[in-house]
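Novice: Fold the following for me, if possible:
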Amino acid sequence: MKNIKDTCIEFFQDENIRKDIQEIIKPIYKIIYNDIYLYLWFVCFYSMLIIFILLTILVIVIKIFNINKLKSH
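Specialist: Below is the predicted model:
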């Protein structure tokens, strides 16, 4: 008697079944991708903005420390 894992592996070994499943999943994938497409771009731009802000703050802090270092000597 086969367990579920062996049955699933045997089921997906057939190339026709894999192609059929891919054809079934393809429209679902497109729908999900089209729904989250805008959010992906938003996250990308948000991340870039955060990195830019952090780098700007870093440069400002470095300048402040350099000015204080020069004044103390």
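Novice: Next one: Tyr38 relative to Lys30, how far apart?
Specialist: Not Tyr; residue 38 is Leu. Distance check for Leu38 against Lys30: by C-beta to C-beta, to the nearest Å, it reads 15 Å. Any C-beta I mention is one placed from the backbone N, CA and C, and that applies to glycine too.
Novice: now the longest helix seen in the chain, how far from the chain's geometric center?
Specialist: When the chain is scanned for its longest helix (criterion: DSSP state H), the result is helix 15-72. Distance of helix 15-72 from its chain centroid, counting by C-alpha atoms, centre = their mean, to the nearest Å, is 7 Å.
Novice: And for stretch 54-73?
Specialist: With C-alpha atoms, centre = their mean, you get 34 Å for stretch 54-73.
Novice: So, low pLDDT: which residues of this protein?
Specialist: 1, 72-73 (pLDDT under 70).
Novice: middle-most residue in it, spatially?
Specialist: Geometric centre of the chain, nearest residue: Leu40, 8.0 Å, by C-alpha atoms, centre = their mean.
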